[in-house]
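Q: heads up, no residue letters with this:
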């Protein structure tokens, strides 16, 4: 079953002086349970594509369907709610809320969804345990390492029970041990819980773990291949 | 959790928040203390107006206030006074005979208003007896005593026990005069009052102008509670529709006006202080928003809607403002409390004010109402100050905000 279908999508940034064509007619389908890496050189359009898939930006032309919903037509407020219930995000710079503890960061998304306190408590505990941070639930992000923060970000992304998780260069700021830990966790979640992961990355270690690698250049897909994941 | 985030966000940059909180506290302290100071001054003026000058309510013959001629008297003033005394809310009543006269000393003369009083009854209504600074208040057994104000004594160049001649018109229209000896010299906060009002015994006025014992021009009424003013006034008016019943507010419209305009003036004063503070708060909150562009972008990306983002910024601003406001109010309350006991001596600057009836020692009023009103104004100012930074936050586009490096 396809989670994302995009058809002939273009994205043109039209400044007063210059027109930049970031995505040039991409058509793509992502199936449920995929572990997909989007790779390409800087400026190739990876982040723009991720923004479009995450409903953070709207395409200039073309159609994006997520879970059967055509998101091009959603109003800004509808799009925010759509993201809240359907998409999990992991950012390069972790982007946790610094004034909240690890548990509160995870619970926050569920509170936005209107979940009750008991459910929030239980799920945040379970998620933090599953990313190996049961002992650091009450620590604030500033007291944690980059790897630990990124694992909280993964737990937060999972908290809303999204249809898929978009991760923009999730390992870019991590050392090799933290990267390995994070990838192992995401691989396990993908394998055991069928969570769909889509990464944009430059990191070969992430690419090696992917089941599918999509390479884009100048806003176009130049290769789309399935592969056997390799151990790092 | 938005409340918790907003509260904790306030303390992310402790120094910056402390600076703006202290600024707000100083501004609010200045406003609240000034308000308390003027409220104290006005309260004292009203107390002086009631206790020393006009009482709470006065009764006159219909024409007397427009034309204070002695022929407009109440023939049965004693009977009316007795009826009024029976009203539960009334604390004391004093009947007066009032005659305009010329007071002449060996050196000069001056126009005066004679108040013919029963000293014992008058003591229960006004506090002139306690303002006597030389001599006594009708305690000597001597004949035809008069108690005059210090200003008049200076004007007539007379002292205690000096003699003055009071010249007036009796009921027949004949000019008559009497010799009086100064038994007491009083001093109130109102130098104009002191210069024009003199007190002599009721029976001495009767002897001079030839009225019967129960007659009177004025009945002064002191109440237990000034808030019952209108009720008692209406009650008396219903019993005596032919008489002119007036409250101190009608008798002394200048004092009433000061009372009514003081709060309005202080609202404007506070609004000016808060308007200045609002700019400082807006600046601080704009800095806070611009520093957190990425974080705000993340919040909107993961599903925090615009109402919640707006609420978060508003709450942060309100927390910032309210903290400063509460600290300012508490400091102002404590300082007011100290000066409420010690008083603030304005003697060097009071001369002009004394003519208007204001005391040299001002006791700022500790009034919970002022604190509540200021707190509400601070809250409103906080909300107003939050609008622009909150709009700035809402204008962020998550896709762009997430990739801005701060």
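A: Received the coordinates, thanks. For clarity, every value in this text was computed on a predicted model and none was experimentally measured.

Q: What is the burial count for residue B:133?
A: By other Cβ atoms under 10 Å in any protein chain shown, the residues close to residue B:133 number 11. Backbone N, C-alpha and C define where each C-beta goes, glycine included.

Q: hang on, isn't it packed against residue B:188?
A: No. Using Cβ atoms under 8 Å, residue B:133 makes no contact with residue B:188, being 10.3 Å away.

Q: what is in contact with those two at once?
A: When Cβ atoms under 8 Å, 6 or more residues apart in numbering or on different chains defines a contact, no residue borders residue B:133 and residue B:188 alike.

Q: per-residue confidence for the residue of chain A found nearest chain B?
A: Here the residue of chain A nearest chain B is residue A:84; by Cβ to the nearest Cβ that distance is 2.6 Å. On the pLDDT scale, residue A:84 is placed at 92.

Q: Without its sequence neighbours, what residue ends up closest to it?
A: residue B:303 (2.6 Å; Cβ to Cβ, 6 or more residues apart in numbering or on different chains).

Q: ok, now which ones touch the one you found?
A: A:80, A:81, A:83, A:84, A:85, A:109, A:112, A:113, A:160.

Q: Only the buried members of those residues: can you turn that into a ChimeraX selection?
A: Selecting the buried subset of the contacts of residue B:303 in ChimeraX, with 16 or more other Cβ atoms under 10 Å in any protein chain shown as the burial test, is done by:
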select /A:80,83,84,109,112,113,160
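
Q: Quick check, the residue of chain A closest to chain B in contact with residue A:113.
A: Yes. Counting by Cβ under 8 Å, residue A:84 touches residue A:113, with 6.1 Å between them.

Q: ok, residue B:182 touching residue B:150?
A: No. Counting by Cβ under 8 Å, residue B:182 stays clear of residue B:150, with 11.1 Å between them.

Q: Between the two, which is the more surrounded one?
A: residue B:182 (23 against 18).

Q: Three-state assignment for that one, please.
A: Here residue B:182 is strand, with the state taken from DSSP: H, G, I helix; E, B strand; the rest coil.

Q: OK, contacts around it?
A: B:135, B:145-148, B:153, B:158-164 are the contacts of residue B:182 under Cβ under 8 Å, 6+ apart.

Q: Inside helices: which ones of the contacts of residue B:303?
A: In this view, the contacts of residue B:303 that belong to helices under DSSP state H are A:80, A:81, A:83, A:84, A:85, A:109, A:112.

Q: which residues does the second one contact?
A: Spelled out, it's residue A:81. B:303, B:305.

Q: what about residue A:11, distance to residue B:315?
A: Using Cβ to Cβ, to the nearest Å, we find residue A:11 at a distance of 36 Å from residue B:315.

Q: quick one: secondary structure of the nearest residue to residue A:19 once chain neighbours are set aside?
A: Once flanking residues are discounted, residue A:19 sits nearest to residue A:12: 5.8 Å by Cβ to Cβ, 6+ apart. Put simply, residue A:12 is strand when judged by three-state DSSP.

Q: isn't residue A:12 right up against residue A:60?
A: Yes. Using Cβ under 8 Å, residue A:12 is in contact with residue A:60, at 4.6 Å.

Q: For the contacts of residue B:303, give me CSV that also has distance to residue A:199.
A: Putting the contacts of residue B:303 into CSV (distance: Cβ to Cβ, whole Å) gives the following:
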residue, distance to residue A:199
A:80, 23
A:81, 25
A:83, 18
A:84, 21
A:85, 22
A:109, 20
A:112, 24
A:113, 24
A:160, 19
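
Q: Quick one: check the one helix or strand residue B:43 maps to for contact with chain A.
A: Following DSSP states H and E, one finds residue B:43 within helix B:14-47. No. Contact of helix B:14-47 with chain A (Cβ under 8 Å from any Cβ of the partner chain) is absent, the minimum separation being 12.5 Å.

Q: Show residues contacting the next helix or strand after that helix.
A: From helix B:14-47 onward toward the C-terminus, using DSSP H and E, the following helix or strand is strand B:57-61. Outside strand B:57-61, the residues within contact range by Cβ under 8 Å, 6+ apart are B:72-74, B:80, B:84, B:217-221, B:223, B:229, B:232-233, B:236, B:240, B:243-248, B:251.

Q: Show the pLDDT at residue 73.
A: By default, I'm working from chain A. Looking at residue A:73, its pLDDT stands at 84.

Q: think we crossed wires, I meant chain B
A: On the pLDDT scale, residue B:73 gets 92.

Q: quick one: it and residue B:215 touch, right?
A: Yes. The pair residue B:73 / residue B:215 is scored as a contact, 5.1 Å apart, by Cβ under 8 Å.

Q: Quickly list what's touching both of those two.
A: What both residue B:73 and residue B:215 touch, as defined by Cβ under 8 Å, 6+ apart, is the set residue B:97.

Q: Where do the strands of chain A begin and end?
A: Applying DSSP state E to chain A gives strands spanning A:2-14, A:19-31, A:35-39, A:61-66, A:69-70, A:87-90, A:164-168, A:196-201, A:212-217, A:220-226.

Q: give me the low-pLDDT residue ranges for the stretch 201-350 of chain B?
A: Within the stretch 201-350 of chain B, the ranges that satisfy pLDDT under 70 run B:350.

Q: Pick out the least confidently modelled helix or strand of chain A, by mean pLDDT.
A: Within chain A, no helix or strand scores below helix A:176-193, which has a mean of 84 by mean pLDDT, DSSP states H and E.

Q: Give me the phi and psi angles of the residue nearest to residue A:84.
A: Main-chain dihedrals, residue B:303, degrees, to the nearest 10: phi 120, psi 20.

Q: Which residues are in contact with residue B:70?
A: Contact analysis of residue B:70 by Cβ under 8 Å, 6+ apart lists B:97, B:98, B:99, B:100, B:169, B:171, B:209, B:211, B:217.

Q: mind checking the SS state of it?
A: Per three-state DSSP, residue B:70 ends up coil.

Q: Domain parsing of chain B, as residue ranges.
A: Chain B resolves into domains spanning B:2-49+B:255-401, B:63-241 when parsed by automatic domain parsing.

Q: Adding distance to residue A:134, write the ones you listed out as a markdown table.
A: Shown next, in a markdown table, are these (distance: least, Cβ to Cβ, whole Å):
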| stretch | distance to residue A:134 |
| --- | --- |
| domain B:2-49+B:255-401 | 22 |
| domain B:63-241 | 65 |
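
Q: Quick check: which of those is nearest to residue A:34?
A: With Cβ to Cβ as the measure, domain B:2-49+B:255-401 is the member of those nearest residue A:34 (21.4 Å).

Q: Quick one: end-to-end distance for that closest one.
A: 20 Å (Cα to Cα, to the nearest Å).

Q: How far off centre is that domain?
A: 24 Å (Cα atoms, centre = their mean, to the nearest Å).

Q: show me the contacts for residue B:185.
A: When contacts are counted by Cβ under 8 Å, 6+ apart, residue B:185 is found next to B:132, B:133, B:134, B:135, B:147, B:148, B:149, B:150, B:153, B:159, B:160.
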